[in-house]
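S.K.: Attaching a predicted model along with its sequence, questions to come.
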Amino acid sequence: MLGIAVWLGGLVALGAIAAPVVFSIVPYPSSADAMTAVFLRFDRVAMSCAAVVLAAEALQAGTRVPFAAPDYVRTALSALAAALAVAEAKIFSPRIAALHGAGVVRGVESAGLELAKLHDTAEWLGKAQLILLFSVLSLRVLALTRSRPLSEI
């Protein structure tokens, strides 16, 4: 649950708080420089959290018998969220950083259109991770309530 909390909280903090504030206060290109560095660093945090979440799922799958249907769903959603985090970190963020580092301006000329498309896809990946992680967290809480009466939680 800690891995989910750090990953989910980081996505919210960066996407809903830090990025809008930085882009509204800090002038371009410094704003893009700052957020590019932040997102590249957070990608490592997200992948580390994904590894922790998947390791916890594997450990639970190996020790919990029977593994119920919600457990399979939760594990699949965790794996999908992890795959999206890895794709963002290994494919999209480095390409965005390279284009930005080359002085490309989003939406200007063909390279800028590519940057805009990559940025939009990275935003979509982040939002999808949010939805998946919230679902995983909800299923984790449900698993706790299944295993113990609510009066004990």
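M.R.: That came in fine, so what should we check first?

S.K.: Which helix runs longest in the protein?
M.R.: Selection of the longest helix in the chain by residue count, based on DSSP state H, yields helix 109-147.

S.K.: which of the residues in it are buried?
M.R.: 115-116, 118-119, 121-122, 125-126, 129-130, 132-133, 135-137, 139-140, 143 (16 or more other Cβ atoms under 10 Å). All C-beta spots, glycine's among them, are computed from the backbone N, C-alpha and C.

S.K.: for stretch 80-96, same thing?
M.R.: Buried residues in stretch 80-96, counted by 16+ other Cβ under 10 Å: 81-82, 84-85, 88-89, 92-93, 96.

S.K.: Please write out the alpha-carbon positions of that stretch in PDB.
M.R.: The C-alpha trace of stretch 80-96 is given here as PDB (Å, rounded to 0.1, in the frame of the first residue of the first chain):
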ATOM      1  CA  LEU A  80      -0.900  -2.600 -16.400                       C
ATOM      2  CA  ALA A  81      -0.100   0.500 -14.300                       C
ATOM      3  CA  ALA A  82       3.500  -0.700 -14.000                       C
ATOM      4  CA  ALA A  83       3.700  -1.200 -17.800                       C
ATOM      5  CA  LEU A  84       2.400   2.400 -18.300                       C
ATOM      6  CA  ALA A  85       5.000   3.800 -15.900                       C
ATOM      7  CA  VAL A  86       7.800   2.000 -17.600                       C
ATOM      8  CA  ALA A  87       6.600   3.100 -21.100                       C
ATOM      9  CA  GLU A  88       6.400   6.700 -19.800                       C
ATOM     10  CA  ALA A  89       9.900   6.500 -18.300                       C
ATOM     11  CA  LYS A  90      11.700   4.600 -21.000                       C
ATOM     12  CA  ILE A  91       9.900   5.900 -24.200                       C
ATOM     13  CA  PHE A  92       8.000   9.100 -23.700                       C
ATOM     14  CA  SER A  93       9.900  11.100 -21.100                       C
ATOM     15  CA  PRO A  94      13.300  10.700 -22.700                       C
ATOM     16  CA  ARG A  95      12.000  11.700 -26.100                       C
ATOM     17  CA  ILE A  96      10.200  14.700 -24.700                       C
END
